[in-house]
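>>> Kindly return the folded structure for what I paste below:
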Amino acid sequence: MKYNKEILEAKFISRPNRFNAKVNLNGEDITVHVPNTGRCREILTDGATVLLRKEDNPTRKTAYDLVAVYKGEMLISIDSQIPNKVVFEALQNKKIKKLVKYNNILKEKTFGNSRFDFKLSSDEGEEYYLEVKGVTLEEKGHAAFPDAPTDRGRKHLLELIDVKKSGRGAGVLFLLQMENMKDFVPNDERDEKFGEALREARDNGVDIFVYECIVDKEGITLNKEVKVNF
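Just a heads-up that it's a prediction; the model follows:
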């Protein structure tokens, strides 16, 4: 997925709240929007090089979105709106092997008490519900999720088990918003209950997909599968 908008480099200064950050752009300190309400403390550090996407909406309070940050030489996308767009593009282009038979792709569909990111169906009428989780946390090449407790995420996993038990297909796709990862693990230290739910989902036949992305200044694209290690 290409940004198709102007991308500029800046230096991160601080994050006064979940929605905004202070950065230095071309020698001027400005406020930008952060399209990710997660912690991101491991990567949004003082002096880190970040990428800003210029937004042309005159009604906005800020002119830029902070969409990615360099952690050393690794570029990590942090835009929480990106994963669903990347996965939708990948589904259309048949890049997720196990899901290639599903030609009909619907967004934001409800099953039970949960709304899932995608409802897929084949020409033969088979149905499949897919939830997408963007991953920005890594340590020495090991990607992990979540970076903070997520009761909503745990409930999604338990609802996917119900989808599977109904005779439909069910899966969760962890999209690593970075590349060159060794493996993926649930972050039991931050959210033990999520890890328990993920293992329960796996044991009940829910598909666990993990894909990393190619991330650059032009955009972000789903690349290849990454080993699941739990």
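>>> okay, CA-based contacts and neighbour counts for the rest of this
Will do.
>>> Secondary structure element holding the residue nearest the centre of the chain?
The centroid of the chain falls nearest to Gly134 when counting by Cα atoms, centre = their mean (1.5 Å). Here Gly134 is covered by strand 127-135, with elements defined by DSSP states H and E.
>>> Partner strands of that strand, with direction?
Paired strands of strand 127-135, with direction, are strand 114-122 (antiparallel), strand 169-176 (parallel) (DSSP bridges).
>>> looking at the ones you listed, which is buried most?
strand 169-176 (a mean of 24; mean count of other Cα atoms under 10 Å).
>>> Who does the residue nearest to the centre of the chain form a beta bridge with?
On the basis of DSSP bridges, Gly134 is bridged to Leu175.
>>> got the residue ranges for the helices in the protein?
Along the chain, the stretches classed as helices by DSSP state H are 82-92, 151-165, 192-203.
>>> now the longest one against strand 114-122, angle please.
Here the directions of helix 151-165 and strand 114-122 differ by 40 degrees (axes from the mean of the first three to the mean of the last three Cα atoms, to 10 degrees).
>>> List the buried residues for helix 151-165?
Taking 16 or more other Cα atoms under 10 Å as the basis for neighbour counts, the residues of helix 151-165 that come out buried are 153-154, 156-164.
>>> packing partners for it?
Using 3 or more Cα pairs under 8 Å, 6 or more residues apart in numbering; DSSP states H and E as the contact criterion, the elements in contact with helix 151-165 are strand 114-122, strand 127-135, strand 169-176, helix 192-203.
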